[in-house]
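give me coordinates for this.
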Amino acid sequence: MTSTVAAAPVPVTIPVVNAPTPDNQESAIRRTVSRAMRIGLWVWPSYTLLDVYMCFVAYPGAPFRLFVLYRILVELVFVAVYRASMRRTVDVRRLFWMQNAAFVTAAVGIALMAVHLGGIRSAYMHGISIVALVRTALVPTDWRRGAITYAGIALCFPLVMGIVSALSPVSRDEWLNAPSLIFFASHYVFVLTTSLLGLITGHIVWSTQEQLYQARRVGRYRLTAPIGKGGMGEVWLAWDQSLNRNIALKILRAGTTSNPAALRRFEIEAQSAGRLRGPHVAHVFDFGASDDGLYYIAMEYLAGMNLATLIEKFGALPSQRAIHLSIQACVALEEAHEAGIIHRDLKPHNLFITHVPDEPDFLKLLDFGVARLRAAGSADERLTKVGLVVGTPAYVAPELWHGGEADERSDIYAFGITMHVMLTGVTPFEGWSLAQLQAAHVTGKLPPLRIRRDDAVGEGLEALLRRCTTWSAGDRIQTVRELREALLSLHDPAAWTAADADAFWKSAESFRAS
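Predicted coordinates for the structure are as follows:
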């Protein structure tokens, strides 16, 4: 007996560079600034070793402590801008210019050090070229937006030296000394050239990214960022150019388009989800093929995270929150079953937590990629070979391991395993190999739930999970409606409210930003 694991894409919230919507564009800018400042925090202090050499070997009289102060002050600027990039209250336009100011500040710091290392004859001016190159590598920018920054970086050295010469006769004499001016000009031309090349190169990289971005189209949809990969395809965040909205676009992988069964399975996925109109199912808007032969499904784009990621990051859920989410999942699954659709791959990865007005914990059922479609008055769709187990092994019902057909009760079994993961953070049946996992499902008993003993619904939940995961399908809860009603009898709306969920997501946002 073999097994096919239906690897579902894991939808996540992805910041999109150059996305058409303001929220995505803001996220992209914040991400770019954060990365640039984070790298600057490491690169800038690393040059302290060069300061040591210059102050104690090349220019023994140079004030090393003052150099350390310059390094600390510029480092604090990087820290301040980095912290600002983590705060959504800071306007992105202001953040962009704060980032540019940080690079200019670094150039000023180098120019101030050069005052003590030979003035206009100081080779330290080439450190400003490094600032320009780092800025080019980290922040490719349209030349119109980058011109002021690169000009500021390049002009820092002569401006600082000019101010110092106004205050110091010795420095003023350097500007009147022909050999000094020749040295300055022959070296400073490299600073100017580097800044100019940085401006041009940054614009070329930015322009290339724009062209690639514009070229990534499937039909009327423009691809903006990858979200995930699945068994048969890829999922992208895309922009619907006709309706001006973000969507999730699932694309059938090129190598599978010549497989009639894969194409039919992709079509069934679109038909299955397309039949469902309930609020707790990710809606399908469109299904078709592009001019170059790429098959796609256009779906509702969701911001949030799937249940598996939520549990992985924050641990098992409180009982009432698990019940609250499970009831929503039952609503979606009940609609699917009434439409003749058996999901066949229920698991935390396919339950997505998103936000709607007044409901921060709103659940959506995803991925009908291995669903079994039973049309009324017609034979079942049979695209699976006899003896082939379809689904994720840790959630597959015992009868399927023996070659039985998936029905509502096998979905209920997978749902029971999913609820166990919600409450404990782990699957109840484990094995090092497929054979061990099969044996655990077929012969094992559900272990006691590891939830608080003082939980008022603990015993009821444990009894309910046992009814969902019994070995015999005939002994299980028979319908999702029955399961939903059992969950409602255990539900205490006051124990997990919208305010509780909102507080959780705010703390989760702080956790991810830290």
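
show me what the top helix by length along the chain packs onto, helices and strands only.
The single longest helix within the chain, with elements called by DSSP state H, is helix 178-215. On a contact count with 3 or more CB pairs under 8 Å, 6 or more residues apart in numbering; DSSP states H and E, helix 178-215 meets helix 126-138, helix 143-167, strand 221-229. In short, each C-beta sits where N, CA and C put it, glycine included.

show me the contact partners of the following helix or strand past it.
Counting by DSSP states H and E, the next helix or strand C-terminal to helix 178-215 is strand 217-218. The contact list for strand 217-218, computed with CB atoms under 8 Å, 6 or more residues apart in numbering, reads L223, A238, L249, I251, S290, L294, Y296.

list only buried entries from those residues.
L223, A238, L249, I251, L294, Y296 (16 or more other CB atoms under 10 Å).

and those, which two are furthest apart?
Of all pairs drawn from those, the greatest distance, 12.0 Å, lies between A238 and L294 (CB to CB).

CSV for the helices and strands packed on helix 178-215, including distance to H420 and mean pLDDT?
Formatted as CSV, the helices and strands packed on helix 178-215 follow (distance: least, CB to CB, whole Å; pLDDT from 0 to 100):
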stretch, distance to H420, mean pLDDT
helix 126-138, 46, 92
helix 143-167, 53, 92
strand 221-229, 25, 78
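
just say which of the ones you listed is most tucked in.
Ranked by mean neighbour count, those are led by helix 126-138 with a mean of 21 (mean count of other CB atoms under 10 Å).

ramachandran angles for P63?
In terms of degrees, to the nearest 10, the main-chain angles of P63 are phi -80, psi 90.

H349 against N306, yeah?
Yes: between H349 and N306 there is a contact at 5.3 Å, judged by CB atoms under 8 Å.

now the longest helix of the chain: how far from the chain's centre is it?
33 Å (CA atoms, centre = their mean, to the nearest Å).

can you show me the strands along the protein?
Along the chain, the stretches classed as strands by DSSP state E are 2-4, 217-218, 221-229, 233-240, 245-252, 284-289, 295-300, 304-306, 341-342, 351-356, 359-365, 372-373, 388-390.

neighbour count winner among H349 and N306?
Remark: of H349 and N306, N306 carries more neighbours, 26 against 23, as counted by other CB atoms under 10 Å.

what about that one, distance to L333?
Computed as CB to CB, to the nearest Å, the N306 to L333 distance reads 16 Å.

cool, and I29?
40 Å.

more neighbours, these two?
Neighbour count, other CB under 10 Å: between I29 and L333, L333 has more, with 28 against 19.

neighbours of the residue nearest to the more buried one when sequence neighbours are not counted, how many?
Spatial nearest neighbour of L333, chain neighbours left out: V480 (4.8 Å); criterion: CB to CB, 6 or more residues apart in numbering. Using other CB under 10 Å, V480 is surrounded by 23 other residues.

what's the answer for W236, then?
By the criterion of other CB under 10 Å, W236 has 24 neighbours.

got a list of what it touches?
W236 neighbours (CB under 8 Å, 6+ apart): L223, T224, A225, P226, I227, A248, L249, I251.

identify the bridge partners of it.
Under DSSP bridges, the beta-bridge partners of W236 are P226, L249.

relative to T497, how far out is it?
35 Å.

low-confidence regions, the stretch 401-514 of the chain specifically.
Per-residue confidence for the stretch 401-514 of the chain (pLDDT under 70) gives these ranges: 431-437, 439-456, 510-514.

helices of that one, start to end?
For the stretch 401-514 of the chain, helices defined by DSSP state H, counting those that start in this stretch occupy the ranges 408-424, 434-443, 458-468, 480-490, 498-513.

list just the one of those that sits closest to V205.
Nearest to V205 among these is helix 498-513; the distance by CB to CB comes to 27.8 Å.

just the angle for the closest one relative to strand 351-356, thanks.
Taking axes from the mean of the first three to the mean of the last three CA atoms, to 10 degrees, one finds helix 498-513 and strand 351-356 inclined to each other by 110 degrees.

roughly how far is helix 498-513 from the heart of the chain?
Per CA atoms, centre = their mean, the centroid offset for helix 498-513 relative to its chain is 17 Å.

show me the contact partners of it.
With CB under 8 Å, 6+ apart, helix 498-513 has contacts from M86, K313, F314, R321, H355, D358, E359, P360, D361.

ok, stretch 406-413 next?
When contacts are defined by CB under 8 Å, 6+ apart, stretch 406-413 is touched by residues 333, 337, 342-344, 346, 372, 390-391, 395-400, 404, 468-469, 473, 476-480, 483.

what about 7 Å?
Applying CB atoms under 7 Å, 6 or more residues apart in numbering, the contact partners of stretch 406-413 are 333, 337, 342-344, 346, 372, 397, 399-400, 468-469, 473, 476-480, 483.

among these, which ones are buried?
The neighbour-count criterion (16+ other CB under 10 Å) marks 333, 337, 342-344, 346, 372, 397, 399-400, 468-469, 473, 476-477, 479-480, 483 among those as buried.

re earlier: closest one of the buried ones among the contacts of strand 217-218 to I182?
I182 lies nearest to L223 out of the buried ones among the contacts of strand 217-218, by CB to CB, at 54.4 Å.

contacting residues around that closest one?
Contacts of L223 were listed using CB under 7 Å, 6+ apart, and they are R216, R217, W236, A238, L249.

follow-up on the earlier one: make TSV out of the helices and strands packed on helix 178-215 and add distance to L176.
Output for the helices and strands packed on helix 178-215, formatted as TSV (distance: least, CB to CB, whole Å):
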stretch	distance to L176
helix 126-138	24
helix 143-167	9
strand 221-229	57
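
for V421, give its distance to S507.
22 Å.

and A463, by the same measure?
32 Å.

kindly report the same for I341.
Counting by CB to CB, the gap from I341 to S507 is 37 Å.

of the two, who's got more company?
Higher neighbour count among I341 and S507: I341, with 24 against 11, using other CB under 10 Å.

what's the pLDDT at that one?
Per-residue confidence (pLDDT) for I341: 85.

what is the neighbour count of the residue lying closest to it once chain neighbours are set aside?
In this structure, I341 finds its nearest non-sequential neighbour in S272, 4.8 Å apart by CB to CB, 6+ apart. Per other CB under 10 Å, the neighbour tally for S272 reads 25.
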